[in-house]
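> Okay, sequence plus prediction incoming.
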Amino acid sequence: MTIKRRQFLTTSGLATLATQIPLLTAQGKLSLNTVIKPPRLQIGDTVGLIAPASIVDAQDIEAAQKSISQLGLKVKLGKHILDRYGYLAGRDGDRANDVNSMFSDRSIKAIIAMRGGWGCNRILPLLNYSLIRSHPKILIGYSDITTLLLAINARSQVITFHGPVATSTWNQFTVDYFKRIVFNGETLTIQNSNNNEVRVEIIAPGKARGKLIGGNLSVLSAMVGSPYLPSWNKSILFVEEIGEDVYRVDRMLTQLKTAGILNQIAGFVFGQCTNCKPGDEPSFTLIQVLQDHILPLGIPAWYGSMIGHIKDKFTLPIGVEVEIDANVGRIRMLESAVNFE
C-alpha cells in the first residue's frame, strides 16, 4: 500500500470502520452510545466556512465573513470553498475533505455551512466519523445541510445544530437564539414571540419528551433506508420545507410512515412550509395532510414554529432532550447543548 493510499484511508470515509472502536478517556472507555456535546463558542474564536453542497461565489463569502465577524468571531475558509463541479461546490472528495479538515483543525471551534442546495448526501460515505467524534465541534446549517447534521449525530453521536447558514439573514431574532444556545449554553424555551406574524396551528394537543431530531423534510426523506439516520425511538421529530406542492409533502410524509419512522416518534413539529402551494385542483390543504398522517399517531403536534427557509429562525440542537407543548407551540430544552469545559 502506498503512502498516499494510507493517507486517503486515514482521512476518508473508509476510516468510518474505526467508529466501532471505543474511545479512551481518563476515566476509561467512552461508550459509543454516549452523546458528546461540542465545546461552546466564545468571543474571539475562529469558525470554519465550508461549501459542502451547491456552488457559492466570492460575494457570498465576503458577505458571510462580515456577518460572522460582527458576532465577534474570526473566519477561516475551507480549501475548496470556491471550487465548482457542475452544480456542486467541487468534487465529492474535495468537499468531504473540507469537512474532515475543519474537524481536525484545532484552531477551528465551530463549522458553518455557506449554503444548502444539493450535494451533502453524496459525501456521507467519505466523512471520517471517528475523527469527528474525537474532535467534536459545533456544526450548524439547514436545508441540504440536514444531511450532515443527522449523519454526524447518528454516526459520531455528536450534538449538531439546525440553524442559519453563513448566507442567512443574521438579524436580531436569529442571532439571539444562535448566541444563547451556542455561546451561552442556555437551556432555552423556544417559542414564537408575539411579534411574529406566524400563527401556530395545533394538530393534536398535549406534551411529550424525547430527543429532538429533524430538518428539511425532502432531504430527510431522501436519507430513509441509509445507515446515516439516528434512532427515532420516542424522539421529537421536527421538519420544514420550501417550494413543494402539498401532494409532495403528503408523499414524503407517507414515505416516513411506511418506513416505520412516524410510528416511533413521541411528538411532531412542522416548522414553516415556505411557498408551499396546493397545486392542481382538487387538493388538500397542508393542515389536512398533516392531520391525516399525524392525528392517528396519538402524539402532540403542531404547525408554525419558526423553523426553516425564513429570515427569523430558531437554532435547534439535534440530539438533546426536550419537552414540547403542542397547546402553545413550545419546545423546552431540558439540557444545555454545549460543553463548558
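Looks like it came in fine. Numbers count the residues shown, from 1 in each chain.
> alpha carbons only for contacts and neighbour counts from here, please
OK.
> How far does stretch 316-330 sit from its chain's centre?
Averaging C-alpha positions (CA atoms, centre = their mean, to the nearest Å) puts stretch 316-330 15 Å from its chain's average.
> That stretch: end-to-end distance?
12 Å (CA to CA, to the nearest Å).
> For that stretch, give the mean pLDDT please.
Taken as a whole, stretch 316-330 has a mean pLDDT of 97.
> And that stretch, what's buried?
316-330 (16 or more other CA atoms under 10 Å).
> ok, now stretch 36-53?
Buried, per 16+ other CA under 10 Å, within stretch 36-53: 36-41, 46-53.
> pLDDT of it, averaged?
Stretch 36-53 comes out at a mean pLDDT of 98.
> distance between that stretch and the chain's centre?
Using CA atoms, centre = their mean, the offset of stretch 36-53 from its chain centre is 14 Å.
> Let me know the distance separating residue 248 from residue 209.
For residue 248, the distance to residue 209 - CA to CA - is 29 Å.
> likewise residue 54?
35 Å.
> And residue 248 and residue 209? Which one has more around it.
residue 209 (21 against 15; other CA atoms under 10 Å).
> Surely that one touches residue 320?
No. Look at residue 209 against residue 320 with CA atoms under 8 Å: they stay out of range, at 10.5 Å.
> Using the three-state scheme, assign the closest residue in space to residue 285 that isn't next to it in sequence.
Among residues not flanking residue 285 along the chain, residue 278 sits closest, at 6.4 Å (CA to CA, 6 or more residues apart in numbering). What DSSP: H, G, I helix; E, B strand; the rest coil gives for residue 278 is coil.
> What count of nearby residues applies to residue 278?
Residue 278: 16 surrounding residues under other CA under 10 Å.
> One more: residue 335?
There are 13 residues near residue 335, going by other CA under 10 Å.
> and if you look at residue 62?
Neighbours of residue 62 (other CA under 10 Å): 11.
> how much space between residue 47 and residue 170?
Residue 47 is 16 Å from residue 170, by CA to CA.
> Check residue 245 too.
Following CA to CA, the distance that separates residue 245 from residue 170 is 28 Å.
> Neighbour count: the two, which is higher?
Higher neighbour count among residue 245 and residue 170: residue 170, with 21 against 18, using other CA under 10 Å.
> How about the contacts made by that one?
67, 164, 311 (CA atoms under 8 Å, 6 or more residues apart in numbering).
> Name the member of these with the most neighbours.
residue 164 (30 neighbours).
> Do you know the pLDDT at the nearest residue to that one once chain neighbours are set aside?
In this structure, residue 164 finds its nearest non-sequential neighbour in residue 141, 5.2 Å apart by CA to CA, 6+ apart. pLDDT, residue 141: 98.
> same check, this time on residue 22
Residue 22 is given a pLDDT of 39.
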